[in-house]
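Colleague: sharing a model that was predicted from the sequence below.
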Amino acid sequence: MSLTRRNFGAALAATVLAAACAFQPFGLIGSAMAQEIDPAELAKPAPLGDIVLGSANAPVTMIEYASLSCGHCAQFHKAVYPTIKSDYIDTGKVRFIFREYPLDLQAAAASMLARCVGRGDALKYHGALGTLFGSQEEWVRKETREQLRRIANQAGLDDDGFHTCLANQATVDALKLGMEHAHVRLKVDSTPTFFVNGVRLKGAWSLDEFRKLIDSKLKS
């Protein structure tokens, strides 16, 4: 990894430490947790603001906490999310919220980049997420800074904008606060973690399993 700028490494140190303390390995099979989360705490937007896809009046709200360096998170976005988007989000049945939970330095940098590329636009932001998850093997393993700079340039962010983005201490602080809230208040300790109308789901869930749960919530 070639994230060598001293200010960047120092800025993200606290975030990485928080992630390391919160992280617990998760299995290949997902598990559902009893609804024990305070709805008011779950509804609080992330410190950087929630970027939402879907109708505000959708009967089902699905929230994902994910790390952009997480392999199971990438698999969800490649194999499961496109169908959920077309069948449920785009049809007004599901309101989808993605919240950052970076587990390492690479994921934190990628999260910052997605925010800068999106600039508050949900479609641009999720387009950046798709690119980052799709090319995860390239930028996680080596030359992370250079690979992320290339992705930024392709998304229309020049080198100055890229360097400014990764040096933003306010974004780092907000990511850390978001992780702390998720871990302490919502019991998020691994990625991916989902909440479907308040029901917490941990780990890798198949499309069929998501369909069954979402459909049951639509009928209730």
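Modeller: Structure's in. What do you need?
Colleague: all helices for this structure, in order.
Modeller: 6-22, 39-43, 71-75, 81-84, 105-118, 122-134, 136-141, 144-154, 159-166, 169-186, 207-219 (DSSP state H).
Colleague: pLDDT weak spots in the chain?
Modeller: Within the chain, the ranges that satisfy pLDDT under 70 run 1-36.
Colleague: hmm, 50 instead?
Modeller: 1-5, 7, 9, 11, 13-29, 34 (pLDDT under 50).
Colleague: out of the helices of the chain, flag the one nearest Arg99.
Modeller: When the helices of the chain are compared by C-beta to C-beta, helix 169-186 sits nearest Arg99, at 6.5 Å. All C-beta atoms are positioned from the backbone trio N, CA, C, and that covers glycine.
Colleague: re the thing from before, highest average neighbour count across the helices of the chain?
Modeller: Stretch with highest mean neighbour count among the helices of the chain: helix 105-118 (a mean of 24; mean count of other C-beta atoms under 10 Å).
Colleague: adding distance to Gly54, write the helices of the chain out as a markdown table.
Modeller: Shown next, in a markdown table, are these (distance: least, C-beta to C-beta, whole Å):
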| stretch | distance to Gly54 |
| --- | --- |
| helix 6-22 | 28 |
| helix 39-43 | 15 |
| helix 71-75 | 19 |
| helix 81-84 | 10 |
| helix 105-118 | 16 |
| helix 122-134 | 9 |
| helix 136-141 | 25 |
| helix 144-154 | 26 |
| helix 159-166 | 27 |
| helix 169-186 | 20 |
| helix 207-219 | 12 |
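Colleague: which one of these lies nearest to Asp90?
Modeller: Counting by C-beta to C-beta, Asp90 lies closest to helix 81-84 out of those; the figure is 9.5 Å.
Colleague: quick one: the closest one to chain centroid distance?
Modeller: Put simply, helix 81-84 sits 15 Å off its chain's centre (C-alpha atoms, centre = their mean, to the nearest Å).
Colleague: show residues contacting it.
Modeller: Residues outside helix 81-84 that contact it (C-beta atoms under 8 Å, 6 or more residues apart in numbering): Met62, Val94, Phe96, Leu207, Phe210, Ile214.
Colleague: mind doing that once more with 6 Å?
Modeller: By C-beta atoms under 6 Å, 6 or more residues apart in numbering, the residues outside helix 81-84 that reach it are Leu207.
Colleague: now swap in stretch 116-130 and tell me
Modeller: Ile51, Leu53, Ala114, Ala155, Leu157, Cys165.
Colleague: now do 10 Å
Modeller: 48-54, 66, 68, 73-74, 77-78, 81-82, 85, 96-98, 100, 110-111, 113-115, 131-132, 151-152, 154-157, 161-162, 164-166, 168, 171 (C-beta atoms under 10 Å, 6 or more residues apart in numbering).
Colleague: just the CA trace of that stretch, in CSV.
Modeller: What follows is stretch 116-130, C-alpha atoms only, in CSV (Å, rounded to 0.1, in the frame of the first residue of the first chain):
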residue,chain,number,x,y,z
CYS,A,116,-16.2,13.4,-2.6
VAL,A,117,-17.2,11.9,-6.0
GLY,A,118,-20.9,11.8,-5.0
ARG,A,119,-21.1,15.3,-3.6
GLY,A,120,-24.4,14.5,-2.1
ASP,A,121,-25.9,13.0,-5.2
ALA,A,122,-27.2,9.6,-4.4
LEU,A,123,-26.8,8.1,-7.9
LYS,A,124,-23.2,9.4,-8.3
TYR,A,125,-22.3,8.2,-4.8
HIS,A,126,-23.7,4.7,-5.4
GLY,A,127,-22.0,4.7,-8.8
ALA,A,128,-18.7,5.3,-7.0
LEU,A,129,-19.5,2.5,-4.5
GLY,A,130,-20.1,0.1,-7.4
